[in-house]
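A.B. asks: here is the input, now give the coordinates:
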Amino acid sequence: MDILMVASECAPFAKTGGLGDVVGALPGALAPLGLRARVVLPAYPGLFPLLPGGTELARLGGLPGGEARIVAAEAEGVPLLLLDMPQLFDRAGTLYQDEQSQDFGDNHLRFGALAQAAARICMGEIEGYQPNILHAHDWQAALAPVYLKMAGRDLPRSVVTIHNIAFQGRYSPDTMGPLGLNPDWFHPEGLEYHGDLSFLKAGLAFCDRITTVSPTYAQEILTPEFGMGLEGLLRARSSVLSGLLNGIDMEVWDPAGDTALPRAYDARSLKRRAENRAEICTRLGLDPEGDGPLFCVVSRLTSQKGLDALLGAVPHLVERGAQLAVLGSGEPGLEHGFRQAAEAHPGRVGCFIGYDEALSHLLQGGSDAILIPSRFEPCGLTQLYGLRYGTLPVVARTGGLADTVIDANVAALAAEVATGFVFDDVSADGLSRAIDRVVDLYATPRLWQKLQRAAMRHPVGWESSAQGYADLYAQLTP
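C.D. replies: All right, here's what the predicted structure looks like:
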C-alpha cells in the first residue's frame, strides 16, 4: 500500500515543533508493516542541496502562486517529494514568518499550492504512481482533500490529522479565488468559518477520516473548552474521529548512545547521570553542589504551556531547595520573566532563551524531572523523551500528557508502575503542590530510582501507533 503524506514540516529537514518530528518518523515506522509512505514537502532553502541530486517527476502549472516542479529525493531514510517553488518558498525567515516574526502575507498561497500539488499527484500527475491513501497533516495541508473532492474524486481516500486545533489557517474569503476553490462551497457546512475561509475546517469537513494525536485529546476537542470553535463539526463527524498517540524516534532519543551527553547511561547505570547534571550546571550557571532535584523545561514559552504558572511557582521551587533549567523561546513577557528569575535566584535558576537541539538532549539526560504544565496538549513529545531518559515528567492532566504518564500515587507506587507526576490545577499554587510531591519523593533515592526505571521501561516508540495507522488505512482501502 502506498501512502502520500503532505505536510509543511518534516524532521530533520524543516521543523518548528512536534508536527515535524511526527512526519519525519512515521514513514519509517510504517515501513516494517509493508506500507510505503512518501512525504510531499515544500523545498525550503534548507532543502535546496537535495534538488540537484533528485529526480524531477512532474511539472505542475496553474497552482496557487504559479508553476512548480515535483522532485523526488531521499534523505535520512525519508522518501521526499519536494515542491520546488522558489517564488513561494525561497525566502529568509522561518517556515511561516519573516525576519521580523510576522506571518508571510501569502501563506494562504504557499500552503494552498502545497495542498493542491498533493491532490494532483493523487490524480495521476506522476506517471506510474497512484497512492492508496492521502494523509494530510494540520491546517497547512488540509485543503488537499478539498481539491480531491472538487475534482470529483472519491479515491484515494483521505485522512486529516490534527496536531494542534488551535492553529486553523484562517483567511479572508477574498483568498478563495486565488486558491481556485469552489465559491459554492463557501457556507457554514463547507469552507466558511465565521465569515472567513478556514483551511483546517475545510479539510475536516471533506476528508474521509479524522485523527488526532492522543485518545484523550480526541475527546477533549469535542468540547467548547478545547475545540476552538470546531467542536460542532467534530461532534457531527465523531464517527470518523480517532486518537492515535505519537511516538518518538528510539534511535535519536537513546540515553545509552546519545552523543550530546557527556556520559551515556541506561537504566542499570543511572549514577552516570551525575556527569550530565554537572554539565548542565556549567552551561546554565547553576550551583553544582545543589542537593535537591533539578527541574527542567524544554518548551515554547507560552501561556498555553502553563509557563506563566511556573513563573509564579519559581520562588516556592527555590525555597524547597530545588533548581530550574529553562530552554525555550516565545512570548516576550515570559522570556523576560525567566531572565529575571535567573537574575533573582543565581545558581538556582538558569535559562537559555532560544533553541539548541544538543542542549535539549543534555537537559533530558541530566535533569531529574521535566515540567510540562500545559493548559492543553494534543500529545506532547517532551514527556516521552523524559520517560525514555528517566527524567520524570511532571504534567498537567490533559491530552496526551494524561495518556502517557502514570501518576506516582500510593497505588501506582505500590505496584511499581508509576512513571511521573500528574496534577490538575494549572496555577502557581497547583504547580507548587506538584513540586512538593517531587521534592519529597526525591528525598528517598531508592524509591526515586524505581520510578526512573519504570519510566524508562514505558513504551514510547512508534510500534503501537504505526499499527493503528496501518489498521486505519486498511479500513479505508477497497
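
A.B. asks: so Phe352 is in which element?
C.D. replies: Using DSSP states H and E, Phe352 maps to strand 349-353.

A.B. asks: what sits up against that strand?
C.D. replies: Contacting residues not belonging to strand 349-353 are listed as 280-281, 283-286, 301, 314, 318, 323-329, 335, 338-339, 341-342, 359 [Cβ atoms under 8 Å, 6 or more residues apart in numbering]. The C-beta positions use only the backbone N, C-alpha and C, and glycine is treated the same way.

A.B. asks: domain-wise, how is the chain divided?
C.D. replies: 2-247+463-476, 270-457 (automatic domain parsing).

A.B. asks: how long is the first one from one end to the other?
C.D. replies: The separation between the terminal residues of domain 2-247+463-476, taken as Cα to Cα, to the nearest Å, is 13 Å.

A.B. asks: swap in stretch 180-189?
C.D. replies: With Cα to Cα as the measure, what separates the two termini of stretch 180-189 is 19 Å.

A.B. asks: next one: phi and psi at Gln116?
C.D. replies: With angles defined as degrees, to the nearest 10, Gln116 sits at phi -70, psi -40.

A.B. asks: just list the residues touching it, thanks.
C.D. replies: Gln116 touches 63-64, 143-144, 147, 179-180, counting by Cβ under 8 Å, 6+ apart.

A.B. asks: let's see 6 Å
C.D. replies: By Cβ atoms under 6 Å, 6 or more residues apart in numbering, the residues touching Gln116 are 63, 147.

A.B. asks: low pLDDT regions in the protein?
C.D. replies: Within the chain, the set of residues satisfying pLDDT under 70 is empty.

A.B. asks: so the most far-flung residue of it relative to its centre, which of the three states?
C.D. replies: What lies farthest from the middle of the chain is Glu289; by Cα atoms, centre = their mean that is 35.1 Å. Three-state assignment for Glu289 (DSSP: H, G, I helix; E, B strand; the rest coil): coil.

A.B. asks: quick revisit: and the strand holding Phe352, how far from the chain's centre?
C.D. replies: 23 Å (Cα atoms, centre = their mean, to the nearest Å).

A.B. asks: mind listing what that strand pairs with, with the direction of each?
C.D. replies: strand 323-330 (parallel) (DSSP bridges).

A.B. asks: pull the residues that contact the partner strand.
C.D. replies: With contact meaning Cβ under 6 Å, 6+ apart, strand 323-330 is reached by 280, 284, 286, 290, 294-302, 317, 338, 348-354, 359, 363.

A.B. asks: mark which of the contacts of strand 349-353 are buried, thanks.
C.D. replies: When the contacts of strand 349-353 are checked for burial by 16 or more other Cβ atoms under 10 Å, the buried set is 280-281, 283-284, 286, 301, 314, 318, 323-328, 335, 338, 341-342, 359.

A.B. asks: the host helix or strand of Val22 - contacts with which helices or strands?
C.D. replies: Val22 belongs to helix 18-30 when assigned by DSSP H and E. Using 3 or more Cβ pairs under 6 Å, 6 or more residues apart in numbering; DSSP states H and E, no helix or strand is in contact with helix 18-30.

A.B. asks: I figured Met5 hits Val39, correct?
C.D. replies: Yes: between Met5 and Val39 there is a contact under Cβ atoms under 6 Å: 4.7 Å.

A.B. asks: tell me the contacts of the nearest residue to Gly53 once chain neighbours are set aside?
C.D. replies: Closest residue to Gly53 apart from its sequence neighbours, by Cβ to Cβ, 6 or more residues apart in numbering: Ala73 at 6.7 Å. By Cβ under 6 Å, 6+ apart, the residues touching Ala73 are 50, 54, 80, 82.

A.B. asks: so how far is Ala136 from Ala73?
C.D. replies: Note on Ala73: its distance to Ala136, by Cβ to Cβ, to the nearest Å, is 21 Å.

A.B. asks: next: Glu416.
C.D. replies: For Glu416 relative to Ala136 (Cβ to Cβ), the value is 42 Å.

A.B. asks: swap in Gly380?
C.D. replies: Relative to Ala136, and taking Cβ to Cβ, Gly380 is found at 22 Å.

A.B. asks: what do you get for Glu225?
C.D. replies: From Glu225 to Ala136 the distance is 26 Å (Cβ to Cβ).

A.B. asks: also Asp21?
C.D. replies: Noted for Asp21: a distance of 17 Å to Ala136, by Cβ to Cβ.

A.B. asks: check Trp448 too.
C.D. replies: 43 Å.

A.B. asks: so which bits of stretch 251-264 are buried?
C.D. replies: For stretch 251-264, a neighbour-count test (16+ other Cβ under 10 Å) marks 252-255, 258, 260-261, 263-264 as buried.

A.B. asks: got JSON lines for the residues you listed, with distance to Leu310 and secondary structure too?
C.D. replies: JSON lines is the format used below for the buried residues of stretch 251-264 (distance: Cβ to Cβ, whole Å; DSSP: H, G, I helix; E, B strand; the rest coil):
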{"residue": "Val252", "distance to Leu310": "27", "secondary structure": "coil"}
{"residue": "Trp253", "distance to Leu310": "24", "secondary structure": "coil"}
{"residue": "Asp254", "distance to Leu310": "28", "secondary structure": "coil"}
{"residue": "Pro255", "distance to Leu310": "25", "secondary structure": "coil"}
{"residue": "Asp258", "distance to Leu310": "26", "secondary structure": "coil"}
{"residue": "Ala260", "distance to Leu310": "24", "secondary structure": "coil"}
{"residue": "Leu261", "distance to Leu310": "25", "secondary structure": "coil"}
{"residue": "Arg263", "distance to Leu310": "28", "secondary structure": "coil"}
{"residue": "Ala264", "distance to Leu310": "30", "secondary structure": "coil"}
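
A.B. asks: the residues you listed: which two are farthest apart?
C.D. replies: Val252 and Arg263 (18.2 Å; Cβ to Cβ).

A.B. asks: all strands of the stretch 301-450 of the chain, in order?
C.D. replies: Along the stretch 301-450 of the chain, counting by DSSP state E, counting those that start in this stretch, strands occupy 323-330, 349-353, 369-372, 392-396, 421-423.

A.B. asks: direction included, what does the fourth one pair up with?
C.D. replies: By that I understand strand 392-396. If you go by DSSP bridges, strand 392-396 pairs up with strand 369-372 (parallel), strand 421-423 (parallel).

A.B. asks: just name the most buried of these.
C.D. replies: Among those, strand 369-372 has the highest mean neighbour count (mean count of other Cβ atoms under 10 Å), at a mean of 26.

A.B. asks: neighbouring contacts of it?
C.D. replies: Strand 369-372 is contacted by residues 293, 295-297, 382-383, 386, 391-395, 438 when judged by Cβ under 6 Å, 6+ apart.

A.B. asks: quick one on the thing from earlier: pretty sure the residue nearest to Gly53 belongs to a helix, no?
C.D. replies: No: read with three-state DSSP, Ala73 is strand and lies in no helix.

A.B. asks: fine by me, we can end here.
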